[in-house]
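**Q** Next come a sequence and a model predicted from it.
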Amino acid sequence: MLHALSRFGRRRTLQGGAAAVVVLGLLSWWVLPIGEEEPSGSLTFSTGVRSGVYQRYGQRLEGALAKDMPKVSIQLQTSEGSQQNIERVATGKADFTIATADAVATYLQSGKPGAERLRGCVRLYDDYVQLIVPRDSGIRTVADLRGKRVGVGQKGSGVLLVADRLMKAAGLDPAADITPVQAGIDTMPARLTDDRLDAFFWSGGLPTGAVQELSEKFSIRLVPLGEALVTRLQAAGGSTRYYRSAVMPADAYLNAQQGEAVPTVAVSNLLITTDRTDPLMTEAFTRTVIDSRDRIGREVHSAQLVDLRTAIYTDPLPLHEGARRYYRSAKP
């Protein structure tokens, strides 16, 4: 009898233990879904010119990524801008980057190395083209740049791409009708104040810190880039279809604009990678970009404009599979 009770007790104990294991298993599934993995390894994120929006955004995104992906080592790499960024990612020198849609389309159409492997993750915010001159300058249109010393961005920048196209649309030969100065936003403001430039082009989110700081210590003006010029720009076809008419709000640069909105050209920015990048890593990266929007946006205004409803539209690039997984699970 005692032996039977002992066997019964052992059986109850075993059953209780098994039930506990099942409950713990269900709880662990609820907290961490089966199959859920954390990305690990390392990634390189190519940003942009020091003091430019890409670099400031990348620095703040790095902190958010480190928090969300603790097993991933993240390295930021400054660059000359969109064109160099695309080349780095396409050829495996970097894993993620930001670039303008027109620069991406140009790279694809040129059939450069790795073009077919490029993939989109997020449509971010728009860049606004800014042509900046001293307030007392006689330059009122792009055509007035003839014979002037003009900052056109660095060799690998998206600024250089759109500046050349705008000047051609205005009837200028960028190689012969101006004195082009290839420099970045980190040095062009000082060159303008020191009278080493008559004007400079910039393409970036609003407001760009370097332009804001310049407007607070030196009297500048933004040259309008009207709709007629944009129409001629788009008429070239190909990747120029990614440009659109836009207006810089009157309060983008209060000192420079003095209450006036300025017509200009806008083009969207994309977060890009390649099909070589692990889907798990890409899904996590995409999630962090969306989730950190408001936090980063308090310091980098352009980040506030990232919108889950439009983020999926990464034309001219197909979505990376990892980004697609994220959008399927996310609710606008």
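**A** Looks like it came in fine. Numbering: from 1, shown residues only.
**Q** which residues sit in contact with residue 292?
**A** Applying CB atoms under 8 Å, 6 or more residues apart in numbering to residue 292 gives the contacts 60, 61, 64, 303. (Each C-beta comes from the backbone N, C-alpha and C, glycine too.)
**Q** What is the nearest of those residues to residue 74?
**A** residue 61 (9.1 Å; CB to CB).
**Q** Spatially central residue in this structure, please.
**A** When CA atoms, centre = their mean is applied to the chain, the residue found nearest the centroid is residue 98 (3.7 Å).
**Q** State the distance from it to residue 50.
**A** 15 Å (CB to CB, to the nearest Å).
**Q** on that earlier part again, for the residue nearest to the centre of the chain, which three-state class applies?
**A** Classification of residue 98 by DSSP: H, G, I helix; E, B strand; the rest coil places it in strand.
**Q** Present the contacts of residue 292 as a markdown table; the columns should include neighbour count, secondary structure and distance to residue 249.
**A** Listed next are the contacts of residue 292 as a markdown table, based on neighbours: other CB atoms under 10 Å; DSSP: H, G, I helix; E, B strand; the rest coil; distance: CB to CB, whole Å:
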| residue | neighbour count | secondary structure | distance to residue 249 |
| --- | --- | --- | --- |
| 60 | 17 | helix | 23 |
| 61 | 24 | helix | 25 |
| 64 | 16 | helix | 27 |
| 303 | 23 | helix | 17 |
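**Q** For the protein, which segments count as strands?
**A** Counting by DSSP state E, the chain has strands at residues 41-46, 72-77, 96-100, 118-134, 149-151, 179-181, 199-204, 220-222, 244-248, 262-274.
**Q** which residues make contact with the first one from outside it?
**A** Contacting residues not belonging to strand 41-46 are listed as 58, 61-62, 71-77, 79, 84-85, 88-89, 93-97, 278, 281, 285 [CB under 8 Å, 6+ apart].
**Q** do the same with the fifth one
**A** Outside strand 149-151, the residues within contact range by CB under 8 Å, 6+ apart are 163, 178-181, 183, 188, 191-192, 196-201.
**Q** For it, give the mean pLDDT please.
**A** Averaged across strand 149-151, pLDDT comes to 98.
**Q** Show me what it pairs with in its sheet, parallel or antiparallel.
**A** strand 179-181 (parallel), strand 199-204 (parallel) (DSSP bridges).
**Q** rewinding a little: pull the most distant pair out of the contacts of residue 292.
**A** Farthest apart among those - using CB to CB - are 64 and 303, which lie 10.2 Å from each other.
**Q** quick revisit: narrow the contacts of strand 149-151 to those that are buried.
**A** Burial by neighbour count, judged by 16 or more other CB atoms under 10 Å, picks out 163, 178, 180-181, 183, 188, 191-192, 197-201 from the contacts of strand 149-151.
**Q** Now the residues you listed in a markdown table, please, with extra columns for distance to residue 225 and pLDDT.
**A** Formatted as a markdown table, the buried ones among the contacts of strand 149-151 follow (distance: CB to CB, whole Å; pLDDT from 0 to 100):
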| residue | distance to residue 225 | pLDDT |
| --- | --- | --- |
| 163 | 11 | 98 |
| 178 | 16 | 98 |
| 180 | 18 | 98 |
| 181 | 20 | 98 |
| 183 | 20 | 97 |
| 188 | 17 | 98 |
| 191 | 21 | 98 |
| 192 | 18 | 98 |
| 197 | 18 | 98 |
| 198 | 17 | 98 |
| 199 | 12 | 98 |
| 200 | 14 | 98 |
| 201 | 10 | 98 |
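**Q** and which of those residues is nearest residue 231?
**A** Of those, the one sitting nearest to residue 231 (CB to CB) turns out to be residue 163, at 17.8 Å.
**Q** give the contact list for that closest one.
**A** Counting by CB under 8 Å, 6+ apart, residue 163 makes contact with 129, 150, 152, 153, 174, 201, 203.
**Q** in stretch 197-216, what's buried?
**A** Under 16+ other CB under 10 Å, the buried positions of stretch 197-216 are 197-211, 214-215.
**Q** can you check stretch 241-255 too?
**A** Buried residues in stretch 241-255, counted by 16+ other CB under 10 Å: 242, 243, 245, 246, 248, 252, 253.
**Q** The fifth one touches residue 261, doesn't it?
**A** Yes - the pair residue 248 and residue 261 passes the contact test of CB atoms under 8 Å, sitting 6.4 Å apart.
**Q** now this structure, which segments are flagged as low pLDDT?
**A** 1-36, 332 (pLDDT under 70).
**Q** Let me see the domain layout of it.
**A** By the assignment in automatic domain parsing, the chain contains the domains 41-124+269-329, 127-268.
**Q** how far out from the middle of the chain is the longest one?
**A** The gap between where domain 41-124+269-329 is centred and where its chain is centred comes out at 6 Å by CA atoms, centre = their mean, to the nearest Å.
**Q** Ends of it, what's the gap?
**A** Terminal residues of domain 41-124+269-329 are spaced 24 Å apart (CA to CA, to the nearest Å).
**Q** same thing with the shortest one?
**A** Using CA to CA, one end of domain 127-268 lies 6 Å from the other.
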